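Trainee: From the sequence below, what's the structure:
(one chain, ligands or ions: 1)
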Amino acid sequence: MEMLEEHRCFEGWQQRWRHDSTVLNCTMTFSIFLPPHYSATPPPVLYWLSGLTCNDENFTTKAGAQRVAAELGIVLVMPDTSPRGDDVADAEGYDLGKGAGFYLNATEQPWAAHYRMYDYLRDELPALIQSQFKVSDRCAISGHSMGGHGALIMALKNPGRYTSVSAFAPIVNPIQVPWGQKAFRAYLGDDAQQWREWDSCALMLESNETDAIPTLIDQGDNDQFLADQLQPARLAEVARQKSWPLTLRIQSGYDHSYFFIAAFIEDHLRFHAQHLLK
Ligand SMILES: N[C@@H](CCC(=O)N[C@@H](CS)C(=O)NCC(=O)O)C(=O)O
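Mentor: As a prediction, the model looks like this:
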């Protein structure tokens, strides 16, 4: 592992690291925020998954999460959104290929060789964080848009792993919307039955009562993708049917950008802290 950057930030440290990923079969970069005094008591970790076109730096530089993470004593880990490098398959559009890994394991060519973001986030990255930094094993997960989808499926597919999950403008029902259908067809093939494995609405519908964890979703009502791609009310309806503890907040006037995330990230950090620091 090689440190690329380090900056003092709110008495803690913002760092950027490069490592060779066995799972993704390429070199990956992630960012991490270490709160002050983090070596005294191992702090819990909040994983943040970003949206289409992003890497680890969008959240790091735009969300302004470090002040409250420092106050609460939470480590923030920001992975990239896809495998990277010259050997890695890519596509023309911003919504497939590099920057658009959709946090799943691809089964189709040419993607299957590297696009295994689900396994990377489930196994390799947490093991690396545990071995290289002094952190506790308590963790939570959050994300934006494609990353909101990622956070929700990570939580739904791994009961007991995360104390809580939250999302900003998540793609909750990818199998029913253009972004998800395009990506899932490419990565997973034409059999739409296989896609359900990676769809929050489908996964929640099939979840057990004991799997439920506190869930917070914020959605701006001026988000240009709300009607065509996001529609968080679909997940809220499944949550109602399943008595899943989901709070969906519609935020008036907010769009899809990091200005929206910056406005509400403090609420999400405090929400996760209630569960992480118990
Ligand atoms: N209008 C964008 C669509 C992609 C987009 O809005 N990406 C969101 C996540 S889905 C984002 O966070 N972009 C990067 C940023 O705002 O820093 C494009 O065509 O590139």
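
Trainee: use CA for all of it now, contacts and neighbours both
Mentor: OK.

Trainee: what's the pLDDT at residue 38?
Mentor: pLDDT for residue 38: 69.

Trainee: Could you identify the longest helix within this structure?
Mentor: helix 258-276 (DSSP state H).

Trainee: Within the helices and strands, which one has residue 248?
Mentor: strand 246-251 (DSSP states H and E).

Trainee: Rounded mean pLDDT for that strand, please.
Mentor: For strand 246-251, mean pLDDT rounds to 98.

Trainee: Just the strands from the protein, written as ranges.
Mentor: In the chain, the strands defined using DSSP state E lie at 2-9, 12-21, 26-34, 45-49, 75-78, 139-144, 162-168, 215-220, 246-251.

Trainee: ok and the third one relative to strand 2-9, angle-wise?
Mentor: Taking axes from the mean of the first three to the mean of the last three CA atoms, to 10 degrees, one finds that strand 26-34 is oriented at 20 degrees with respect to strand 2-9.

Trainee: how close does the residue in the stretch 101-250 of the chain positioned nearest to the ligand sit to residue 5?
Mentor: Nearest to the ligand, among the residues of the stretch 101-250 of the chain, is residue 145, at 4.9 Å (CA to the nearest ligand atom). Distance, residue 145 to residue 5, using CA to CA, to the nearest Å: 27 Å.

Trainee: out of these two, which sits in the more crowded spot?
Mentor: Using other CA atoms under 10 Å as the criterion, residue 145 and residue 5 rank with residue 145 on top: 24 against 11.

Trainee: Any residues of the stretch 51-200 of the chain in contact with the ligand? List them.
Mentor: Residues of the stretch 51-200 of the chain that fall close to the ligand, judged by CA under 6 Å from any ligand atom: 51, 52, 53, 54, 58, 145, 146.

Trainee: Now do the same contact list for the residue nearest to residue 102 when sequence neighbours are not counted.
Mentor: Among residues not flanking residue 102 along the chain, residue 146 sits closest, at 6.2 Å (CA to CA, 6 or more residues apart in numbering). By CA atoms under 8 Å, 6 or more residues apart in numbering, the contact list for residue 146 reads 49, 50, 51, 52, 100, 102, 170, 171.

Trainee: possible to save those as JSON lines with neighbour count and pLDDT?
Mentor: Output for the contacts of residue 146, formatted as JSON lines (neighbours: other CA atoms under 10 Å; pLDDT from 0 to 100):
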{"residue": "49", "neighbour count": "29", "pLDDT": "99"}
{"residue": "50", "neighbour count": "30", "pLDDT": "99"}
{"residue": "51", "neighbour count": "27", "pLDDT": "98"}
{"residue": "52", "neighbour count": "21", "pLDDT": "98"}
{"residue": "100", "neighbour count": "27", "pLDDT": "98"}
{"residue": "102", "neighbour count": "32", "pLDDT": "98"}
{"residue": "170", "neighbour count": "30", "pLDDT": "99"}
{"residue": "171", "neighbour count": "32", "pLDDT": "98"}
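
Trainee: quick one: which of those residues sit in helices?
Mentor: Using DSSP H, none of the contacts of residue 146 sit in helices.

Trainee: I'd guessed residue 169 sits against residue 145; true?
Mentor: Yes - with contact defined as CA atoms under 8 Å, residue 169 reaches residue 145; the gap is 5.0 Å.

Trainee: quick one, what contacts residue 148?
Mentor: 49, 50, 51, 142, 166, 167, 168, 169, 170, 171, 172.
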